[in-house]
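> Quick one, structure for this:
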Amino acid sequence: MRGSRYLARMTRIALLDAHLAFGLLPLLDDANLTVSAGERIGLIGRNGTGKSSLLAVLAGRQALDEGEVQRRDGLAIAFVEQEPALPPAADLRASLALRDASADPHAEARHAFDVRLAAMLDRFGLAPDRSPAGLSGGERKRAALALAFALEPDLLLLDEPTNHLDFAGIERLEELAARAAALVVVTHDRRFLDRVATRIIELDRGILRSYPGNFAAYERAKAQELAAEALANRRFDKFWKQEEAWIRQGVEARRTRNEGRVRRLEQLRADRAARRERIGDLRISLDAGERSGRLVAELQDVGKQFGAKTIVRNLSMRIMRGDRLGLIGPNGVGKTTLLRLMLGEIAPDSGTVRTGTNLRVAYFDQLRSQLDPDRTVAETISPGSDWVEVNGERKHVTTYLADFLFPSRRARSPVRMLSGGERHRLLLARLFAQPANLLVLDEPTNDLDMESLELLEATLLGYSGTLLLVSHDRAFLDNVVTQTLVAEGEGRWREYVGGYSDWLAQRAGRSAPSPAVTRPAEAPARERNRQRLSYREQRELDGLPSAIETLEQEKAALTAAMCAPDYHRTAPEQMRGDGERLNSIDLEIEAAIGRWEELEARRG
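As a prediction, the model looks like this:
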């Protein structure tokens, strides 16, 4: 290898002492990374930390402020962006040829590539003679992926490749990605990373940290690391406070102080100022408001067609209060149309739809069409007012937006200035600002980082209303829904118990000779559920016994105080407050015990 530094024989690309900043925010801070042949790296991190920028640096589309990128001589790189653009052309094949600037001019090589491209387009369900102008966002992504794999590059860079793909497309992508010569992928799809990744790289506060193995291995290692970091920070802060107290002693102490100790304190102050705290978590809460009627929706022999295409054929089902229903099917099958039928927004061609009483609906639109690009962020949440009421608590709109990671200066920005991830969080903030006993989420996981995704899962698990969910995130479906409605072709839909994995088990069971289909599949599904605890859930489970004990101690102390001989002299307001708190403690203990039993059952 020729160059300013030697690259190991197996190394495809190396990032050395890299610095990159946007404004005052460092995206890369003296970062180092090597990608070797055969490695499949999952690049993860919070929204806005610079993952897409890092991919652009590796691809040669973004320059570093400082540092160096070394590539092997002749390294062929293919990069698929989040929203790939296709050049105008007569058909898709010609458009992709224009996008491919590295095309081999030799006729024999070009013919072989054309054969591979046609095969890849077919695998991703696209015809080469389609007009690129009429393709949807998901179809453009599939076309760019087909081109990238047809090129057979030495290094493949993928930015959120599973967005807009259905289950079949994601599974095809997993098969192809697992055979890549070298891969760096940004994705929030945890199951994809579990099946494909050989190493996880986390971008956190400008630093790249490496974790061998897949995403499940990363979660275990990260939980231990976060606990150690918190302990070290507590010890550091305790020592720093002791030294600050010493330096502020009286005149006599200052006369005799150790100058070496003073210099050490100055260094402590500098270290503490330089310590960048972890980026805040989303703080999501859902208010189910007033309960709906027991029946949410009833469909009787419902049918719906658009032209010659049948979306729904003779569907009969009931959705009851508290149900968590996931809709599963390939792109274009009509999942969004079926949601609108269930809500009574469109009329069926045949059959009847009856909606329940007292429904308050919050609808998350995957196209984010409910957002007015000319309104400010604050106006989107609370038009005409600076205040919003959530779960009975009155908050200033900037305080509420801070819960969704919007700094105060961003509140006055127009929506059109927001990134895709920011618009996603804004729509969630808008939905959750009002009570709703029926929550409809159409692809809510796109553009969310994994920590926010897990927090959304936990929030939905605590939601007491009814949930209708469309998602291609298989882990999200497994963790959130209790039943699925699956498209089985030609407008037929079938209901299954459980999430995505449960559907797969029951679908496999239907081809077995045993007549009992549903119940034999449920037991293995429950066994899988017992192992499905994220590191956040494990930490929650570990803390619940002490939390229950603390509540019980508070209850005992409050009961003893209320039974004291002189308690009758207590002010009436205090007595009412004590009684209300005693009742609320009982509810909190009951909820904590229920949550503990739920997590223990899932862990097994």
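
> what about the closest residue to residue 92 other than its chain neighbours, neighbour count?
Closest residue to residue 92 in three dimensions, ignoring its sequence neighbours and counting by CB to CB, 6 or more residues apart in numbering: residue 130, at 4.6 Å. C-beta: built from backbone N, CA, C; applies to glycine. Burial measure for residue 130: 16 neighbouring residues, criterion other CB atoms under 10 Å.

> so what's the backbone phi/psi at residue 130?
The phi/psi pair for residue 130 (degrees, to the nearest 10) reads phi -60, psi 150.

> just residue 140 next, same as before
Main-chain torsions, residue 140, degrees, to the nearest 10: phi -60, psi -40.

> what's near enough to touch residue 138?
With contacts defined as CB atoms under 8 Å, 6 or more residues apart in numbering, residue 138 is in contact with 163, 164, 165, 331.

> Surely the second one and residue 331 touch.
Yes. The pair formed by residue 164 and residue 331 meets the contact definition of CB atoms under 8 Å, at 7.4 Å.

> who's more crowded, the two?
For the pair residue 164 and residue 331, the greater number of neighbours falls to residue 164 (21 against 17), based on other CB under 10 Å.

> got the phi/psi numbers for the more buried one?
With angles defined as degrees, to the nearest 10, residue 164 shows backbone torsions of phi 80, psi 0.

> list the contacts for it?
Listed by CB under 8 Å, 6+ apart, the contact set of residue 164 reads 136, 137, 138, 141, 142, 331, 446.

> Report the separation between the first one and residue 447.
In this case it means residue 136. Distance, residue 136 to residue 447, by CB to CB, to the nearest Å: 17 Å.

> Neighbour count: the two, which is higher?
Each of residue 136 and residue 447 had its neighbours counted (other CB under 10 Å), and the higher figure belongs to residue 447 (20 against 11).

> wait, isn't the more buried one in contact with residue 428?
No. Contact between residue 447 and residue 428 fails when scored by CB under 8 Å: they sit 10.6 Å apart.

> residue boundaries of the helices in the stretch 201-350 of the chain?
The residue ranges that make up the helices of the stretch 201-350 of the chain, judged by DSSP state H, counting those that start in this stretch, are 215-247, 251-255, 259-274, 335-342.

> picking that back up, wouldn't the residue nearest to residue 92 be in contact with residue 89 here?
No. Using CB under 8 Å, residue 130 is not in contact with residue 89, being 10.7 Å away.

> re the thing from before, which of the helices of the stretch 201-350 of the chain comes out lowest on mean pLDDT?
Note on those: helix 251-255 shows the lowest mean pLDDT, a mean of 48.

> coming back round to it: so which of the contacts of residue 138 are in strands?
Counting by DSSP state E, the contacts of residue 138 place none of their members in strands.

> Any chance of these in TSV with distance to residue 562 as columns?
Converted to TSV, the contacts of residue 138 look like this (distance: CB to CB, whole Å):
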residue	distance to residue 562
163	56
164	59
165	60
331	61
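
> so can I have JSON lines of those showing distance to residue 412 and pLDDT?
JSON lines is the format used below for those (distance: CB to CB, whole Å; pLDDT from 0 to 100):
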{"residue": "163", "distance to residue 412": "29", "pLDDT": "84"}
{"residue": "164", "distance to residue 412": "32", "pLDDT": "81"}
{"residue": "165", "distance to residue 412": "36", "pLDDT": "86"}
{"residue": "331", "distance to residue 412": "37", "pLDDT": "84"}
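
> low-scoring stretches of the stretch 401-550 of the chain, by residue?
Counting by pLDDT under 70, the stretch 401-550 of the chain contains low-confidence residues at 419-420, 509-536.

> Now do the strands in it.
Assigned by DSSP state E, counting those that start in this stretch, the strands in the stretch 401-550 of the chain fall at 438-442, 466-470, 483-487, 493-497.

> Would you mind putting the CA coordinates of the third one into CSV?
Taking C-alpha atoms only, strand 483-487 is exported to CSV below (Å, rounded to 0.1, in the frame of the first residue of the first chain):
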residue,chain,number,x,y,z
GLN,A,483,-52.2,-9.3,17.8
THR,A,484,-51.5,-8.9,14.1
LEU,A,485,-53.6,-8.5,11.0
VAL,A,486,-51.7,-9.9,8.0
ALA,A,487,-52.3,-9.4,4.3
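
> That strand: partners in the sheet, and parallel or antiparallel?
Partner strands and pairing direction for strand 483-487 (DSSP bridges) are strand 324-328 (parallel), strand 493-497 (antiparallel).

> repeat for the first one
Paired neighbours of strand 438-442 in the sheet (DSSP bridges): strand 361-364 (parallel), strand 466-470 (parallel).

> Not counting its own residues, what contacts the last one?
Counting by CB under 8 Å, 6+ apart, strand 466-470 makes contact with 292, 296, 319-327, 335-336, 339, 342, 366, 437-444, 460, 477, 480-481, all of which sit outside it.

> Buried ones only from these, please, as a PyMOL command.
For selection in PyMOL, the members of the contacts of strand 466-470 meeting the burial criterion (16 or more other CB atoms under 10 Å) are listed in this command:
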select buried, resi 292+296+319+321+322+323+324+325+326+327+335+336+339+342+366+437+438+439+440+441+442+443+444+460+477+480+481
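
> Starting from residue 43, give me the distance back to the residue most central in space within the chain.
Central residue of the chain (CA atoms, centre = their mean): residue 453, 3.2 Å from the mean position. Counting by CB to CB, the gap from residue 453 to residue 43 is 16 Å.

> same thing with residue 14?
Counting by CB to CB, the separation of residue 14 from residue 43 is 15 Å.

> Include distance to residue 177 when you put the strands of the stretch 401-550 of the chain into JSON lines, please.
As requested, those are exported to JSON lines (distance: least, CB to CB, whole Å):
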{"stretch": "strand 438-442", "distance to residue 177": "26"}
{"stretch": "strand 466-470", "distance to residue 177": "24"}
{"stretch": "strand 483-487", "distance to residue 177": "25"}
{"stretch": "strand 493-497", "distance to residue 177": "28"}
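
> so which of the ones you listed comes closest to residue 591?
Closest to residue 591 of the strands of the stretch 401-550 of the chain is strand 466-470 (CB to CB; 19.1 Å).

> Identify each of the strands in the stretch 1-150 of the chain and give its residue range.
For the stretch 1-150 of the chain, applying DSSP E, counting those that start in this stretch gives strands covering 11-22, 25-36, 40-44, 66-71, 77-80.

> Could I get the contacting residues of residue 465?
When contacts are counted by CB under 8 Å, 6+ apart, residue 465 touches 286, 288, 289, 292, 321, 322, 436, 437, 438, 439.

> for residue 475, that is, sorry about that
189, 190, 191.

> can you do 7 Å?
Taking CB atoms under 7 Å, 6 or more residues apart in numbering as the definition of contact, the neighbours of residue 475 are 190, 191.

> go on, residue 193?
With contacts taken as CB under 7 Å, 6+ apart, residue 193 has the following neighbours: 42, 187, 200, 214, 215.

> Apply 6 Å and report the result again.
Residues in contact with residue 193, defined by CB atoms under 6 Å, 6 or more residues apart in numbering, are 42, 214, 215.

> Please consider this matter closed, and thank you.
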